[in-house]
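**Q** Next come a sequence and a model predicted from it.
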Amino acid sequence: MKSYTSKFFNLLTNKSIEETSEILSDLLEYENVKYKKTANEIFSLSTPFPFFNFDRRAYSRRNWVGINPFVYISGIKIILKSRENFTALTIELDRMRSYAILVCFLIFIGISAVNFSNGGFGFLFFSTSSVLAYFAVLYFLSYKLIKDEIDKAMKA
């Protein structure tokens, strides 16, 4: 799954590999992610892709925003490594879907900016909105919320 759209992060937990694997399986199941589990690895087969905003797979009660962050990624791979008194998790997120959503946002923002034809305001609107869209989609929705959910599940 390694590509330019991947994002990696590491977490540590004082739980055993078996317990950690079970907690992560429960989290992925709750968030409607289809996955395959091996002894030291969990990887997604498919992530939820709701077509309409009333599809319940788009929402979650596990974070303060109420959005299922797994909707914004194409895949997840979790490698579990046992150490002396803890388990190390290496998590890889394939964010190709986030990039596609970002491109759609940028096209929409660009079309909207064309309507502001009086000088530099259209450019200012486009550039500001693009930066906000980048951080909202690529950082917050497809990275921060997932990391927080996994971290919270490991501490529970």
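**A** In hand now; what should we look at?
**Q** Which helix or strand in this structure has the lowest average pLDDT?
**A** For the chain, counting by mean pLDDT, DSSP states H and E, helix 121-134 ranks last in confidence among helices and strands (a mean of 82).
**Q** Tell me the helices and strands packed up against that one.
**A** helix 96-114 (3 or more Cβ pairs under 8 Å, 6 or more residues apart in numbering; DSSP states H and E). C-betas here are computed from N, CA, C, even on glycine.
**Q** Confirm Lys77 sits in a strand?
**A** Yes. Lys77: assigned to a strand according to DSSP: H, G, I helix; E, B strand; the rest coil.
**Q** right, and it touches Glu92 too?
**A** Yes. Using Cβ atoms under 8 Å, Lys77 makes contact with Glu92 at a distance of 4.5 Å.
**Q** hang on, the earlier thing: relative orientation of the least confident helix or strand of the chain and helix 96-114 in degrees?
**A** Following axes from the mean of the first three to the mean of the last three Cα atoms, to 10 degrees, one obtains 160 degrees for the angle between helix 121-134 and helix 96-114.
**Q** roughly how far is the helix or strand following helix 121-134 from the heart of the chain?
**A** Next along the chain after helix 121-134, taking DSSP states H and E as the criterion, comes helix 145-155. Computed by Cα atoms, centre = their mean, to the nearest Å, the separation of helix 145-155 from the middle of its chain amounts to 11 Å.
**Q** So what touches helix 145-155?
**A** With contacts defined as Cβ atoms under 8 Å, 6 or more residues apart in numbering, helix 145-155 is touched by 9, 11, 13, 15, 20, 23-24, 26-27, 31, 60, 62-63, 65, 67, 69-70, 73, 76, 89, 91, 93.
**Q** Strands - which of those land there?
**A** Judged by DSSP state E, the subset of the contacts of helix 145-155 located in strands is 9, 11, 13, 76, 89, 91, 93.
**Q** Contacts made by stretch 108-123 with the rest, please.
**A** Under Cβ under 8 Å, 6+ apart, the answer for stretch 108-123 is 125-126, 129-130, 133.
**Q** Having no further points to raise, I will conclude here.
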